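In: with the input below, show me the fold.
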Amino acid sequence: MIVGKSKRVRVALSAFAIGALGAGVVIAAPWSTSSTTTEASIELVSTATCYDMVSIAIGGRGDTPREGVKWLTTPDGERLPAAMSGDYSSDWIDQAVRAPNNGNVVPDSYAAVYVEYPADLSSYENAVQTGVTNSQTIMKSITASCPKTRFAIVGYSEGADVARRTAMEVGNQVAAADGTYGIVDPSQVVGVVIFADAGRVSGEGPFPGAENPFSNPDGFDTKYQNGNTAIPGQGALPGTSGGFGALDGRVASFCSDGDLTCALPENTSLIHLAANVGRQVNADALQNEQLTPATGADLALALGRIAVNAFNDIASQPNWMQSDETFLDVLIKVSEPNYKPSTVTTPVSAKVDGEQEPIETGQMVDLVYLPQKIFREITGFISSNQNTVPVIMNDPYGLTLGPGSGHHFDYWRDADAANGKPLTSVQYAAAWLTQLAEQANKGEPVKTKEVQEKAGRAAIETIVAPATTSATPTPTATTTAPVTTSPAVTTRVPVAPAPAAEAPAPAPASEPVTTPECTVPVEGETPVEGAPPVCVTTTETPAAVAPETAVPTTTAAVPAP
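Out: Numbering: from 1, shown residues only. A predicted model of the protein is given here:
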């Protein structure tokens with residue numbers, strides 16, 4: 001066991017100001033200490049407690065810390081938009097981000113924190129951007145207290161979009177003249193894990209930028225799968241795509257075939273347009289209330305804004321009639337929430353003897369191209385929507401988010417050992433994060449292939465070890481009080497469980513796995529009376545890892561990340 005570097009504690013000498021939390025976040029009341037006032041319990045929720053590696057965990061819709069949890073704070077007590085994983089748990093990504101603490105790494109060397117953000121669809125873009133801002137705020141605050149801490153960024157569903165954009169911004173930073181970075185040094189982010197990536201590029205493997213993008217991330221010599229076949233389709237939000245810059249090769253972007261958030265078939269332009277419109281309206285209200293005067297007005301306002309921008313964009317292009325761009329192409333372009341209108345450059349028609357010329361010369365040319373333009377509009381609409389009707393006919397909502405069968409939840413059950421995929425996507429991520437945590441504790445990257453292979457095998461053996469008759473409860477976070485004599489003299493102070501968040505609480509980890517005899521609830525879905533029970537048969541998981549949870553319960557009005 002390696003000791004000496006685990007859980008270094010340093011209290012900042014000056015106050016650290018919290019960065020902007022972004023519009024739309026409900027700011028909690030200032031942090032106040034609980035009745036337990038020991039130094040250890042205070043340190044447990046402060047960035048003054050240093051870890052070798054911290055995972056920034058970002059849940060999906062509705063899966064975020066809410067009021068009532070114990071918030072992470074700066075050394076001087078300022079509240080941060082995050083909670084320690086011991087104070088908040090997720091049914092979805094706990095199995096990945098808690099794995100390094102399940103007896104795999106030196107105690108107190110690793111921690112995970114959950115990011116607070118709106119995590120809703122009332123204003124999708126605002127929610128995601130707030131999550132990005134909060135994630136960066138947390139990393140900057142931790143780095144201010146603990147400059148040697150390394151980070152992993154892990155996100156699922158709506159949180160996957162947050163994780164992607166956060167990683168893109170970190171990886172594409174340009175260092176200042178003094179060598180510093182505005183967020184954190186990209187070298188501090190050693191891994192990024194994204195489940196259901198809405199910004200996934202068509203033909204992209206699960207490890208973008210890696211030496212072998214279909215097999216493994218750089219530095220982890222354990223194969224994810226056999227073969228080099230990409231999951232067909234692309235992300236439902238292609239406008240959010242982009243490279244990871246300095247983080248290329250350190251990213252795992254898992255996508256399940258059939259999950260329309262990341263594997264939407266090509267030539268489905270109308271679905272892309274609908275997804276972009278959904279990002280600009282209150283989709284939560286639209287789903288819950290259907291069309292009402294309020295939701296109808298909200299939808300009409302968004303559509304009207306998109307239409308005006310489309311006509312202005314066309315007007316800014318004098319030769320648009322001669323171009324191959326269709327009106328549908330323009331609508332998709334201007335429906336991106338970050339679209340910036342162009343300057344209108346269409347020339348004003350001349351006057352003859354003080355009277356407006358009936359048709360300006362350029363407009364006469366446009367009329368010549370009109371028949372060809374109409375033909376392009378028709379053929380372009382048909383070709384760009386060849387797969388729209390099949391997707392709609394196959395129930396896109398049920399295909400992606402259906403209880404017990406939706407591919408949006410495959411990441412916990414997609415192992416296929418017979419075809420060269422021995423681990424589920426979540427188990428593979430857990431093994432990789434475990435190795436990264438071990439490397440962080442050692443203080444330097446694992447360099448030799450032999451050591452890489454040994455660490456990878458050890459991590460996988462732990463993840464896939466046979467389950468015992470009853471699962472071991474996930475340990476709550478503990479802390480080590482400062483010592484003045486020997487590292488062996490430590491005091492562990494357990495932390496009382498925080499009140500439950502708004503998301504449904506998972507079943508107690510101590511219960512044994514049983515045969516499917518229940519209906520697995522999915523957020524937004526109400527079981528039909530008299531319908532047969534829906535259960536997911538769990539795969540074997542190690543005793544140290546929480547058993548495979550029931551189908552995650554995050555849903556959306558339309559397949560949304």
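
In: quick one: the strands in the stretch 151-300 of the chain, in order.
Out: With DSSP state E, counting those that start in this stretch, the ranges of strands along the stretch 151-300 of the chain come out as 189-195, 251-254.

In: now those as CSV including mean pLDDT and distance to residue 85?
Out: Glycine gets a C-beta too; all of them are placed from N, C-alpha and C. Formatted as CSV, the strands of the stretch 151-300 of the chain follow (pLDDT from 0 to 100; distance: least, C-beta to C-beta, whole Å):
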stretch, mean pLDDT, distance to residue 85
strand 189-195, 98, 15
strand 251-254, 98, 19
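
In: now distance to residue 301 and mean neighbour count too, for those strands, in a markdown table please.
Out: Below are the strands of the stretch 151-300 of the chain laid out as a markdown table (distance: least, C-beta to C-beta, whole Å; neighbours: other C-beta atoms under 10 Å):
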| stretch | distance to residue 301 | mean neighbour count |
| --- | --- | --- |
| strand 189-195 | 32 | 27 |
| strand 251-254 | 34 | 26 |
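
In: okay if I get the ones you listed as TSV plus distance to residue 242?
Out: Output for those, formatted as TSV (distance: least, C-beta to C-beta, whole Å):
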stretch	distance to residue 242
strand 189-195	13
strand 251-254	12
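
In: those strands: which one's closest to residue 401?
Out: Of all the strands of the stretch 151-300 of the chain, it is strand 189-195 that lies closest to residue 401, at 14.1 Å by C-beta to C-beta.

In: could you pull out the strands for the chain?
Out: 53-58, 71-73, 79-84, 110-115, 150-156, 189-195, 251-254, 351-352, 355-356 (DSSP state E).

In: for the second one, packing partners?
Out: This points to strand 71-73. For strand 71-73, the packing partners by 3 or more C-beta pairs under 8 Å, 6 or more residues apart in numbering; DSSP states H and E come out as strand 79-84.

In: now the angle between strand 110-115 and the strand it packs on, please.
Out: For strand 79-84 against strand 110-115, the angle by axes from the mean of the first three to the mean of the last three C-alpha atoms, to 10 degrees is 120 degrees.

In: burial check on the nearest residue to residue 437 once chain neighbours are set aside, number of neighbours?
Out: Spatial nearest neighbour of residue 437, chain neighbours left out: residue 100 (3.9 Å); criterion: C-beta to C-beta, 6 or more residues apart in numbering. Residues near residue 100, counting by other C-beta atoms under 10 Å, number 29.

In: wait, what's in contact with residue 100?
Out: Residues near residue 100 by C-beta atoms under 8 Å, 6 or more residues apart in numbering: 53, 110, 430, 433-434, 436-438.

In: helices and strands of the chain: which one has the lowest mean pLDDT?
Out: One helix or strand of the chain scores below all others by mean pLDDT, DSSP states H and E: helix 39-44, with a mean of 39.

In: ok, back up a step: any chance of TSV for the strands of the chain, columns distance to residue 323?
Out: Shown next, in TSV, are these (distance: least, C-beta to C-beta, whole Å):
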stretch	distance to residue 323
strand 53-58	40
strand 71-73	52
strand 79-84	45
strand 110-115	43
strand 150-156	38
strand 189-195	35
strand 251-254	34
strand 351-352	28
strand 355-356	27
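
In: so where's this structure uncertain?
Out: Scanning the chain for pLDDT under 70 picks out 1-45, 342-369, 444-561.

In: what about 80?
Out: 1-45, 342-373, 444-561 (pLDDT under 80).

In: extract the C-alpha set from stretch 46-59 and format it as PDB.
Out: Extracted in PDB, the C-alpha atoms of stretch 46-59 (Å, rounded to 0.1, in the frame of the first residue of the first chain):
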ATOM      1  CA  SER A  46     -14.400  21.500   2.400                       C
ATOM      2  CA  THR A  47     -12.000  21.800  -0.500                       C
ATOM      3  CA  ALA A  48      -9.300  22.200   2.200                       C
ATOM      4  CA  THR A  49      -9.400  18.400   2.300                       C
ATOM      5  CA  CYS A  50      -7.100  17.300  -0.500                       C
ATOM      6  CA  TYR A  51      -7.400  14.100  -2.600                       C
ATOM      7  CA  ASP A  52      -5.100  12.700  -5.200                       C
ATOM      8  CA  MET A  53      -8.000  12.500  -7.600                       C
ATOM      9  CA  VAL A  54     -11.600  13.700  -7.600                       C
ATOM     10  CA  SER A  55     -14.300  12.700 -10.000                       C
ATOM     11  CA  ILE A  56     -16.700  15.500 -11.100                       C
ATOM     12  CA  ALA A  57     -20.000  13.500 -11.400                       C
ATOM     13  CA  ILE A  58     -22.900  15.000 -13.400                       C
ATOM     14  CA  GLY A  59     -26.200  13.200 -13.300                       C
END
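
In: can you give me the helices for this structure?
Out: Counting by DSSP state H, one finds helices in the chain at the ranges 39-44, 94-97, 124-145, 158-171, 269-278, 283-289, 293-315, 327-334, 361-383, 388-393, 396-401, 425-442, 449-463.

In: with respect to residue 415, which of those lies nearest?
Out: The nearest among the helices of the chain, by C-beta to C-beta, is helix 425-442 at 7.1 Å.

In: and the closest one with strand 150-156, angle?
Out: Going by the same axes, to 10 degrees, helix 425-442 makes 170 degrees with strand 150-156.

In: report the inter-axis angle for helix 425-442 versus strand 53-58.
Out: 150 degrees.

In: remind me what helix 425-442 packs against, helices and strands.
Out: Against helix 425-442 (3+ C-beta pairs under 8 Å, 6+ apart) you get strand 53-58, helix 94-97, strand 110-115, strand 150-156, strand 189-195, strand 251-254, helix 449-463.

In: before we move on, the earlier item: show me which pair in the contacts of residue 100 is furthest apart.
Out: 53 and 430 (13.8 Å).

In: for stretch 433-445, which positions count as buried?
Out: For stretch 433-445, the neighbour count (16 or more other C-beta atoms under 10 Å) marks 433-442 as buried.

In: closest to residue 105 among those?
Out: residue 437 (4.6 Å).

In: more neighbours: residue 53 and residue 430, which one.
Out: Counted by other C-beta under 10 Å, residue 53 and residue 430 do not tie: residue 430 has more neighbours, with 30 against 24.

In: please report the number of neighbouring residues for the residue nearest to that one when sequence neighbours are not counted.
Out: Nearest residue to residue 430 in three dimensions, chain neighbours excluded: residue 99, at 3.5 Å (C-beta to C-beta, 6+ apart). Neighbouring residues of residue 99 were enumerated by other C-beta under 10 Å; the total is 30.

In: ok, residue 99 touching residue 435?
Out: No. With contact defined as C-beta atoms under 8 Å, residue 99 does not reach residue 435; the gap is 10.4 Å.

In: give me the number of residues near residue 410?
Out: Around residue 410 there are 21 residues (other C-beta under 10 Å).

In: for it, what are its contacts?
Out: Contacts of residue 410 by C-beta under 8 Å, 6+ apart are 256, 258-259, 425.

In: residue 276 contacts residue 335, correct?
Out: Yes. Counting by C-beta under 8 Å, residue 276 sits close enough to residue 335 to count as a contact (3.7 Å).

In: how near is the closest residue to residue 398 other than its chain neighbours to residue 196?
Out: Spatial nearest neighbour of residue 398, chain neighbours left out: residue 406 (7.1 Å); criterion: C-beta to C-beta, 6+ apart. Applying C-beta to C-beta, to the nearest Å, the value for residue 406 to residue 196 is 11 Å.

In: residue 63 now?
Out: 13 Å.

In: one more: residue 99?
Out: 19 Å.
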